[in-house]
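> coordinates only, sequence not included:
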């Protein structure tokens, strides 16, 4: 990395573009087990045809909002973290005049995971197929908040390259939703999300390392660890005397979980990441991403730069008594904010 301080203008390369592409857009197909004919106590709340009709309506809404770069068009079929994230993406697209940072959500599906929950809110899941343009598979969560409301897209993650997905009950039978405080798992879904956030914040210093798969198997943890190391190295350069911090916490927007055939659960949640970089007084920290450049358009840069991310994660939590670790199935890492100054 070249020395940035000759003109008091500090820029960071972070990880190389090749590494970022490999980590964030790996396109190898996820391994999906054959759905199990698991007996359920209730019947599925949607037929496969009804679920596909819901997904078609969601995709039509996403397409219209993207075509017009107008986030106000999302509300009929998008909610929760997905609404916050998509709104930010469309705002950035407006500023840049470019839609390349708006997530593509394919409209063909490998698998439907339909709930048997008879109360509300309730959640259905779908796994998209790899497209001809090689857009990677995504896991979608669709929430119906009340009996009179339509299903809306609540969140999505990109499945990590080569991931082996847990098996689920056949869509014609339906899958049981799992409560955030369910104790039939190795840890409750809420505990799994809290522990993973601690793991991202504290790395090897987290007390929960033993509950999860190794760092080298977890693409998101590896990506963040590499990114953090690059920022710390740049800020430790001569005459910079900078500091770096990254804090990760659950967003409080809720947890979506569904039973897998092994007695474990798929758990999806949103995390908030707050990053702060501060260099010696007089240095200038420039935005490191296109998103930050768009969000900070017209602002004067200083020696302090912060970034905010809304990240979705999907974990597989094994059943209680299992010796298997909690595994990352997929994630999104999407910047939604940036500020300069103290």
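Happy to help now that I have it. What you see is a predicted model, and the numbers here were worked out from it, not measured in a lab.

> residues near residue 161, how many?
18 (other C-beta atoms under 10 Å). The way it works is simple: take the backbone N, C-alpha and C, and place the C-beta from them, glycine included.

> for the stretch 1-150 of the chain, which spans come out with low pLDDT?
For the stretch 1-150 of the chain, the stretches with pLDDT under 70 are 1-41.

> okay, helices next: where are they in it?
17-24, 48-68, 80-96 (DSSP state H, counting those that start in this stretch).

> mind listing residues that contact the last one?
When you say that, I think you mean helix 80-96. For helix 80-96, contacts defined as C-beta atoms under 8 Å, 6 or more residues apart in numbering pick out 62, 65-66, 69-71, 74-75, 78, 99, 101-103, 143, 152-156, 251, 253-254, 270, 290-291, 294-295, 297, 310, 312, 332, 334-337.

> picking up where we left off before, buried deepest among the helices of the stretch 1-150 of the chain, which one?
Highest mean neighbour count among the helices of the stretch 1-150 of the chain (mean count of other C-beta atoms under 10 Å): helix 80-96, with a mean of 20.

> quick one: it to helix 48-68, angle?
Here helix 80-96 runs at an angle of 30 degrees relative to helix 48-68 (axes from the mean of the first three to the mean of the last three C-alpha atoms, to 10 degrees).

> which parts of stretch 208-218 are buried?
Neighbour-count burial for stretch 208-218, counted by 16 or more other C-beta atoms under 10 Å, picks out 208-209, 211-212, 218.

> no wait, stretch 328-342
328-340.

> how about stretch 67-80?
69, 71, 73-74, 77-80.

> would you list those in TSV and tack on distance to residue 107?
Listed next are the buried residues of stretch 67-80 as TSV, based on distance: C-beta to C-beta, whole Å:
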residue	distance to residue 107
69	20
71	20
73	17
74	16
77	13
78	15
79	19
80	20
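
> from those residues, which two are the most distant?
Comparing every pair within the buried residues of stretch 67-80 by C-beta to C-beta identifies 69 and 80 as the most remote, at 21.1 Å.

> from the chain's centroid, how far away is the lengthiest strand in the chain?
Criterion DSSP state E: the longest strand present in the chain is strand 243-259. Remark: strand 243-259 is offset 10 Å from the chain centroid, using C-alpha atoms, centre = their mean, to the nearest Å.

> by contact count, what packs against the very next helix or strand once past that strand?
Next helix or strand after strand 243-259 toward the C-terminus (DSSP states H and E): strand 265-278. Applying 3 or more C-beta pairs under 8 Å, 6 or more residues apart in numbering; DSSP states H and E, one finds that strand 265-278 contacts strand 138-144, strand 152-159, helix 189-202, helix 219-235, strand 243-259, strand 304-317.

> okay, those, which one's buried deepest?
strand 152-159 (a mean of 25).

> okay, the angle between that strand and strand 243-259?
110 degrees.

> for strand 152-159, what is the average pLDDT?
For strand 152-159, mean pLDDT rounds to 98.

> same deal with stretch 216-236?
The model assigns stretch 216-236 a mean pLDDT of 94.

> residue 67 and residue 135: what is the separation?
Look at residue 67 and residue 135: by C-beta to C-beta, to the nearest Å, they are 18 Å apart.

> could you do residue 186 as well?
33 Å.

> cool, and residue 277?
32 Å.

> more neighbours: those two, which one.
Legend: neighbour count by other C-beta under 10 Å for residue 277 and residue 135, higher for residue 277 (22 against 17).
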